[in-house]
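Engineer: no sequence for this one, just the structure:
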Ligand SMILES: NC(=O)c1ccc[n+]([C@@H]2O[C@H](COP(=O)([O-])OP(=O)(O)OC[C@H]3O[C@@H](n4cnc5c(N)ncnc54)[C@H](O)[C@@H]3O)[C@@H](O)[C@H]2O)c1
Ligand SMILES: O=CCCC(=O)C(=O)O
């Protein structure tokens, strides 16, 4: 399939005239064809107008029809075949197996949302039947369902060009909720974005949906993203990227005459707590496992283990020796973009330049452009507590080992951490008491708590939480991965004494959709 450099605005392919840009192959530094025309306010205006026109029809599509739409997108993405993988490899520097796996995750995610839509529990239908005889006052007939918020702006993430980009979790969950989507594609992978965008557009057409259900915009610099978030027809935002970018979009959303929710996933250093009995039992295996998680995908995972905490002593020394050996043998890896590579190098320079930090190990030397050497640093709990900047995220394969005098000091450090996507404990049975004491802190700090695993590699499932307190995300009440992500784009509406013929199907007597509903507080299928 030829990539033309055009945006997709509803059914139309439109070449922007507000500047031009090309993707760069980070492995060679070469610019890739074709040039993409950047969009501006005119394109934002057109995409949002179409999305608004599409909204009322799209939000009332039947559950089966909407599920079939999501499944058609999945099938169309698979039909792109190797063209998609080859282009994504060239634009991201990520290897084939990783991208094939990510395509599987993307397609699986769309299919999981299709199942969720069909099952209908997300409508959260509730019926409190009228009680005309109640004294002293009768009760009205009160019913509730959830409806979609309206058109959603989605910002494709650089680090997952498929699973967190044009047809990623934000788009899948917004479409599942019944929200049209306008994507601002990431400039690092415009060709990949265009291919996936065309798969979605074809699904919109073949499923007979209004063209404005999906648009894909590109742009040079920040103005297009700000314009999109500021458009009054956009009612929510999904974002994965930098803390600065997420904060800027939150500010733009708050400045609107009608402020809207921004679901931004931004910055996390994902602490790993190496508990004493676990270290005593398997320090070497933990050291190797840690380095495998740290260096996966050149460390460009928001779940990357960026700090480790352990009690100072011989077992932590054994862990450190194993990690130093594994990291020293890890090959340098190509990062996603020259900008991300430069940010990594400056983060590593900041850590290695700190008087409170020792460099414990560096990975193998670089042999090509935009490659990064993994890095392991060490410090003490006291130094970490004294220098708040040591908890700033270094996006890439760099981590900081904090030596603590005892498990109480590990808890003290945990209390000082910012909000996190994940917190991991490596523990054995004898660590149970210390972990029990740590857990309340971890629950306050993180969206997901793991035992004896590594934080990278998020399962897309019903119980997943990929979220957490600020700055991990802008809204800790939700998740951007897993089926609960649909909730971000819904709101409850209550229908009081509305005549039966005017009620939405989900709330009608006799339960024509066969939904799980709560009648007078009791769950069931009536
Ligand atoms: N934690 C994570 O999951 C994660 C993921 C990717 C990148 N990052 C961090 O972000 C850095 C830059 O990478 P990136 O390009 O992927 O992220 P980014 O935040 O710079 O950009 C993401 C998207 O947001 C838009 N954007 C950014 N700032 C904006 C602003 N002020 N106004 C309007 N739109 C704006 C960009 O155009 C892009 O489409 C990395 O070096 C890394 O530190 C973090
Ligand atoms: O980069 C953010 C997402 C990380 C993820 O999905 C994973 O670890 O699998």
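Structural biologist: In hand now; what should we look at? All figures in this text were calculated on a predicted structure; none of them were measured in a lab. Ligands and ions are numbered 1, 2, ... in the order given.

Engineer: residues near whichever residue of the stretch 351-500 of the chain sits closest to ligand 1, how many?
Structural biologist: When you check the stretch 351-500 of the chain against ligand 1 by CB to the nearest ligand atom, the closest residue turns out to be residue 395, at 3.3 Å. Any C-beta I mention is one placed from the backbone N, CA and C, and that applies to glycine too. By other CB atoms under 10 Å, the residues close to residue 395 number 24.

Engineer: wait, it sits on residue 345?
Structural biologist: No. Applying CB atoms under 8 Å, one finds residue 395 not in contact with residue 345, separated by 11.1 Å.

Engineer: and whichever residue of the stretch 151-300 of the chain sits closest to ligand 2, how close does it get to residue 525?
Structural biologist: Residue nearest to ligand 2 within the stretch 151-300 of the chain: residue 159 (5.0 Å; CB to the nearest ligand atom). As judged by CB to CB, to the nearest Å, residue 159 and residue 525 stand 42 Å apart.

Engineer: okay, those two: which has more neighbours?
Structural biologist: Neighbour tally, residue 159 and residue 525, criterion other CB under 10 Å: the higher count belongs to residue 159, 25 against 9.

Engineer: list the contacts of the residue of the stretch 351-500 of the chain closest to ligand 1.
Structural biologist: When contacts are counted by CB atoms under 8 Å, 6 or more residues apart in numbering, residue 395 touches 242, 299, 300, 304, 340, 343, 344, 347.

Engineer: out of these, what pair is the most spread apart?
Structural biologist: 242 and 299 (15.3 Å; CB to CB).

Engineer: neighbour count winner among those two?
Structural biologist: Neighbour tally, residue 242 and residue 299, criterion other CB under 10 Å: the higher count belongs to residue 299, 27 against 18.

Engineer: so the more buried one touches residue 393, yeah?
Structural biologist: No. Between residue 299 and residue 393 there is no contact under CB under 8 Å: 10.8 Å.

Engineer: hang on, the earlier thing: surely the residue of the stretch 151-300 of the chain closest to ligand 2 is in a strand?
Structural biologist: No. Counting by DSSP: H, G, I helix; E, B strand; the rest coil, residue 159 is not found in a strand; it is coil.

Engineer: the nearest residue to it once chain neighbours are set aside: how many residues sit nearby?
Structural biologist: Leaving aside its sequence neighbours, residue 159 sits nearest to residue 300 (CB to CB, 6 or more residues apart in numbering; 4.5 Å). Close neighbours of residue 300, defined as other CB under 10 Å, add up to 24.

Engineer: likewise for residue 59?
Structural biologist: Residues lying near residue 59 (other CB under 10 Å) number 16.

Engineer: next one: residue 513
Structural biologist: A count of nearby residues for residue 513, using other CB under 10 Å, gives 17.

Engineer: now the closest residue to ligand 1 within the stretch 301-450 of the chain: how far from residue 363?
Structural biologist: Across the stretch 301-450 of the chain, the shortest distance to ligand 1 (CB to the nearest ligand atom) belongs to residue 302, at 2.9 Å. Going from residue 302 to residue 363 by CB to CB gives 21 Å.

Engineer: those two: which has the busier surroundings?
Structural biologist: residue 302 (28 against 25).

Engineer: quick check: which element contains the more buried one?
Structural biologist: Here residue 302, judged by DSSP states H and E, is contained in no helix and no strand.

Engineer: and the residue of the stretch 1-150 of the chain nearest ligand 2?
Structural biologist: residue 105 (7.9 Å).

Engineer: residue 461 is in contact with that residue, correct?
Structural biologist: No. With contact defined as CB under 8 Å, residue 105 does not count as touching residue 461 (11.5 Å).

Engineer: so for these two, which sits in the more crowded spot?
Structural biologist: Comparing residue 105 with residue 461 by other CB under 10 Å, the one with more neighbours is residue 105, at 21 against 11.

Engineer: find the nearest non-adjacent residue to the more buried one, please.
Structural biologist: residue 163 (4.8 Å).

Engineer: SS state for the one you found?
Structural biologist: coil.

Engineer: from the chain's centroid, how far away is the helix or strand bottoming out on mean pLDDT in the chain?
Structural biologist: Ranked by mean pLDDT, DSSP states H and E, the helix or strand of the chain with the weakest confidence is strand 522-524, at a mean of 92. Centroid separation between strand 522-524 and its chain, computed with CA atoms, centre = their mean, to the nearest Å, is 33 Å.

Engineer: okay, strands next: where are they in the stretch 201-350 of the chain?
Structural biologist: Ranges of strands in the stretch 201-350 of the chain, per DSSP state E, counting those that start in this stretch, are 214-217, 236-240, 262-265, 272-274, 307-311, 333-334.

Engineer: which other residues reach the last one?
Structural biologist: Contacts of strand 333-334 with the rest of the structure, by CB under 8 Å, 6+ apart, involve 26-27, 93, 295, 297-299, 368-372, 374, 397.

Engineer: in helices, which of those residues fall?
Structural biologist: Mapping the contacts of strand 333-334 onto helices (DSSP state H) picks out residue 295.

Engineer: with the contacts of strand 333-334 in mind, which one is nearest to residue 180?
Structural biologist: Using CB to CB, the contacts of strand 333-334 come closest to residue 180 at residue 297, 31.4 Å.

Engineer: list the buried residues of stretch 343-360.
Structural biologist: Neighbour counts over stretch 343-360 (16 or more other CB atoms under 10 Å) mark 343, 344, 345, 347, 348, 351, 354, 356, 357, 360 as buried.

Engineer: report all helices and strands that the helix or strand encompassing the residue of the stretch 1-150 of the chain closest to ligand 2 contacts.
Structural biologist: In the assignment (DSSP H and E), residue 105 maps to helix 96-119. On a contact count with 3 or more CB pairs under 8 Å, 6 or more residues apart in numbering; DSSP states H and E, helix 96-119 meets helix 63-79, helix 82-92, helix 169-177.

Engineer: buried deepest among those, which one?
Structural biologist: Comparing the helices and strands packed on helix 96-119 by mean neighbour count (mean count of other CB atoms under 10 Å), helix 169-177 ranks first with a mean of 30.

Engineer: do me a favour and average the pLDDT over that one.
Structural biologist: Mean pLDDT, helix 169-177: 98.

Engineer: likewise stretch 133-151?
Structural biologist: For stretch 133-151, the per-residue pLDDT averages 98.

Engineer: quick one: end-to-end length of that stretch, please.
Structural biologist: One end of stretch 133-151 sits 43 Å from the other (CA to CA, to the nearest Å).

Engineer: and the residue of the stretch 301-450 of the chain closest to ligand 1, what does it touch?
Structural biologist: If you count contacts by CB under 8 Å, 6+ apart, residue 302 has them with 159, 240, 265, 267, 268, 421.
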